[in-house]
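1. coords please:
(one chain, ligands or ions: 1)
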Amino acid sequence: MRYSLRIASVLTVAGGIALFAMDSDQAILPASDIESARDPGRQIASTTLASDSAAESVRLSSVYKEVLTVGKGDTLMAMLVDTGIAPASADRAVRTMSRIYKPRRIKPGQDIVLSLKPDLRAKSVELMAMKISPNVERDILVTRTAKGFQAKAVDRPLTKVAMHASGKIDTSLYVAGVNAGLRQATLAKLIQTFSFDVDFQRDIRRGDAFDVMYEEYRDEDGAVVKSGDILVAEMTLSGKKSRLYRFETKDGFSDFYDAKGQSVRKALLRTPIDGARISSNYGMRRHPILGYNKMHKGLDFAARRGTPIFAAGNGFVEYAGRNGGYGKYVRIRHNSTFKTAYAHMHRYGKGIRKGRRVKQGQIIGYVGSTGRSTGPHLHYEVHKNGRQVNPRSIKLPSGRKLKGRELRTFKAHVAALEKQYVALTAQQLADRR
Ligand SMILES: [Zn+2]
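-> Residues are numbered from 1 along each chain as shown. Alright, predicted model coming up:
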């Protein structure tokens, strides 16, 4: 045990970053290193006087840490050799690792944490340990042992924690959410939760508010590494409060319901695109290209080329292809009443072909400017009983309503969530004092 603590202090001081999990019994560390670790003066010198030659020689004799970020086209082998590790040694380490994790799975942007020790005689560095984290829950560890290298996968236990955040909206829900400490992923879920009822480009007013209880995953150090689900979401718009609860029904589908057990999901999304502004409304307008007054039978959303377009609802692709002035065009049949159409696409979503089934929110294409168009935008139409209607004024059929036993289960779930909410907000208040 003492042994591992010594190693930790060497690595921390010399590398300047906390030690990653390394098995003390697997890491070979000569006596000289343990000695240098015992002498705090020498170690401090190595970090504060890096340019000093005496300090340099200290640094050269101890284990240090290096973090490599994988670039496009990089191979693990080449990266290790570039660090100064002898090719034979790098090859052995990579081969050992490939028994549990194939090096070709390493992606650009990923970090490779190395624990290195200079070998002054061979004028190279010795690889003591290597860590790759394929995801936030797993580490692949390769360590030097007396007999070569050893590889193992270590699962990092994550703890799920309930959190609470609230705030008043000054400019946008996005800004207010970020200020309240919400992660991007949680914020996106919050926006999605209300997207059936709220048009985030129009309906948000200064003084509106949000309140959310959500889950996050933390690692052993308490750092948030992953967003979880939203449990309770509330928005106050122009003084009107709407509080929703996440609930999983017996068939395994999770959705948000109001306190009465009515799902907020609607047959169609309000906007089939994220973060775009409406550049042209439904109705009569002077046609930008043709120059005369013409009925504009859809909504235009200005967005950058390549912005994903979502299926507004579940359904079947009825048409996917070039369609005159519409350019690259997709039409989805949702039910016997509603269809939606999407025009001027740059390209189609993966697998989007006639007859294909699509789910609400699935990417069906990307914003472009094909056909009769002045610039990248999405032209979006809603067809009701075969005729285009104003997407903003249609009354949409609502989702399921919980009944009987399922409603009773839901009510008990809501009571439990409210209890948790009270405890959590009380705790928060106490922490602030
Ligand atoms: Zn249009």
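
2. Strands along the stretch 101-250 of the chain, start to end?
-> Remark: strands assigned in the stretch 101-250 of the chain by DSSP state E, counting those that start in this stretch are 111-119, 124-135, 138-145, 148-155, 159-168, 209-218, 224-237, 240-248.

3. Restricting to C-alpha, output the second one in CSV.
-> What that stands for is strand 124-135. Included here for strand 124-135 are C-alpha records, laid out as CSV according to Å, rounded to 0.1, in the frame of the first residue of the first chain:
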residue,chain,number,x,y,z
SER,A,124,14.5,6.3,-25.3
VAL,A,125,11.6,6.3,-22.9
GLU,A,126,10.1,3.3,-21.3
LEU,A,127,6.3,2.8,-21.3
MET,A,128,5.2,2.1,-17.7
ALA,A,129,1.5,2.3,-18.2
MET,A,130,-1.1,3.4,-20.8
LYS,A,131,-4.7,4.2,-20.3
ILE,A,132,-7.4,4.6,-22.9
SER,A,133,-11.0,5.4,-22.0
PRO,A,134,-13.4,4.2,-24.7
ASN,A,135,-16.3,5.8,-22.8
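
4. residues from this protein in reach of the ion?
-> Residues of the chain found near the ion (CB under 5 Å from the ion) are 298, 300, 379. Where C-beta positions appear, they are placed from N, C-alpha and C, glycine not excepted.

5. change it to 6 Å
-> Taking CB under 6 Å from the ion, the part of the chain that reaches the ion is made up of 280, 296, 298, 300, 379.

6. Mind checking which of those are in helices?
-> Using DSSP state H, no member of those falls in helices.

7. Mean neighbour count, mean pLDDT and distance to residue 105 added to the strands of the stretch 101-250 of the chain, as CSV?
-> Conversion of those to CSV gives the following (neighbours: other CB atoms under 10 Å; pLDDT from 0 to 100; distance: least, CB to CB, whole Å):
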stretch, mean neighbour count, mean pLDDT, distance to residue 105
strand 111-119, 19, 92, 13
strand 124-135, 20, 92, 7
strand 138-145, 20, 94, 10
strand 148-155, 14, 93, 12
strand 159-168, 16, 94, 27
strand 209-218, 20, 95, 22
strand 224-237, 19, 93, 20
strand 240-248, 16, 94, 32
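
8. just so I know, which of these lies nearest residue 79?
-> Nearest of the strands of the stretch 101-250 of the chain to residue 79, taken as CB to CB: strand 111-119 at 6.8 Å.

9. What about the nearest residue to residue 311 once chain neighbours are set aside, how many residues nearby?
-> The spatially closest residue to residue 311, leaving aside those adjacent along the chain, is residue 358, at 4.3 Å (CB to CB, 6 or more residues apart in numbering). Neighbours of residue 358 under the rule other CB atoms under 10 Å: 22.

10. orientation of the helix or strand that contains residue 417 relative to strand 224-237 in degrees?
-> Secondary structure from DSSP states H and E places residue 417 in helix 404-432. Inter-element angle recorded for helix 404-432 and strand 224-237: 100 degrees (by axes from the mean of the first three to the mean of the last three CA atoms, to 10 degrees).

11. who touches the nearest residue to residue 369 once chain neighbours are set aside in this structure?
-> In space, residue 369 comes closest to residue 376 once its chain neighbours are excluded; the distance is 4.7 Å by CB to CB, 6+ apart. For residue 376, the contact set (CB atoms under 8 Å, 6 or more residues apart in numbering) comprises 302-305, 307, 344, 346, 367-369.

12. hang on, the earlier thing: if any of the residues of the chain next to the ion are buried, give me the PyMOL selection for them.
-> Buried residues within these, as defined by 16 or more other CB atoms under 10 Å, are selected in PyMOL through the command that follows:
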select buried, resi 296+298+300+379
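
13. where does the residue lying closest to residue 178 once chain neighbours are set aside land on pLDDT?
-> The shortest distance from residue 178 to any residue that is not its chain neighbour, by CB to CB, 6+ apart, is 7.0 Å, and that residue is residue 187. Among the per-residue scores, residue 187 holds a pLDDT of 90.

14. per-domain residue ranges of this protein.
-> Annotated domains of the chain cover 2-154, 157-265+403-433, 277-389 [automatic domain parsing].

15. which of those is buried the deepest?
-> Per-stretch averages of neighbours, counted by mean count of other CB atoms under 10 Å, single out domain 277-389 among the domains of the chain, with a mean of 17.

16. and the residue of the stretch 301-433 of the chain nearest the ion?
-> Nearest residue of the stretch 301-433 of the chain to the ion: residue 379, at 3.4 Å (CB to the ion).

17. That residue contacts residue 340, correct?
-> No. Because the distance of 11.3 Å does not satisfy CB atoms under 8 Å, residue 379 is recorded as not touching residue 340.

18. Let me have the contacts of residue 376 in CSV, extended by secondary structure and pLDDT.
-> Supplementary listing: the contacts of residue 376 in CSV, determined by DSSP: H, G, I helix; E, B strand; the rest coil; pLDDT from 0 to 100:
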residue, secondary structure, pLDDT
302, strand, 93
303, coil, 92
304, coil, 92
305, coil, 94
307, coil, 92
344, strand, 97
346, strand, 97
367, strand, 96
368, strand, 97
369, coil, 97
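
19. and the gap between the residue lying farthest from the centre of the chain and the ion?
-> Among the C-alpha atoms of the chain, the one farthest from their average position, using CA atoms, centre = their mean, is that of residue 121, at 46.6 Å. Per CB to the ion, to the nearest Å, residue 121 is found 73 Å from the ion.

20. Could you tell me the model confidence score at residue 24?
-> 35.

21. And residue 12, by the same measure?
-> Residue 12 is assigned a predicted lDDT (pLDDT) of 31.

22. Likewise for the one 4 residues further on?
-> The predicted structure scores residue 16 at 31 on the pLDDT scale.

23. again, but for residue 21
-> Among the per-residue scores, residue 21 shows a pLDDT of 37.

24. Please report the distance of the most centrally placed residue in the chain from the ion.
-> By CA atoms, centre = their mean, the chain has its centre lying nearest to residue 185, at 5.3 Å. With distances taken as CB to the ion, residue 185 is found 32 Å from the ion.

25. unless I'm mixing things up, that residue is touching residue 227, no?
-> Yes. In terms of CB under 8 Å, residue 185 counts as a neighbour of residue 227; the distance is 3.9 Å.

26. Return the distance of residue 243 relative to residue 204.
-> Between residue 243 and residue 204 the distance is 17 Å, computed by CB to CB, to the nearest Å.

27. what does residue 337 give?
-> Distance of residue 337 to residue 204, computed by CB to CB: 30 Å.

28. Enumerate every residue touching residue 340.
-> 268, 272, 311-313, 315, 331-332, 334, 380-383.
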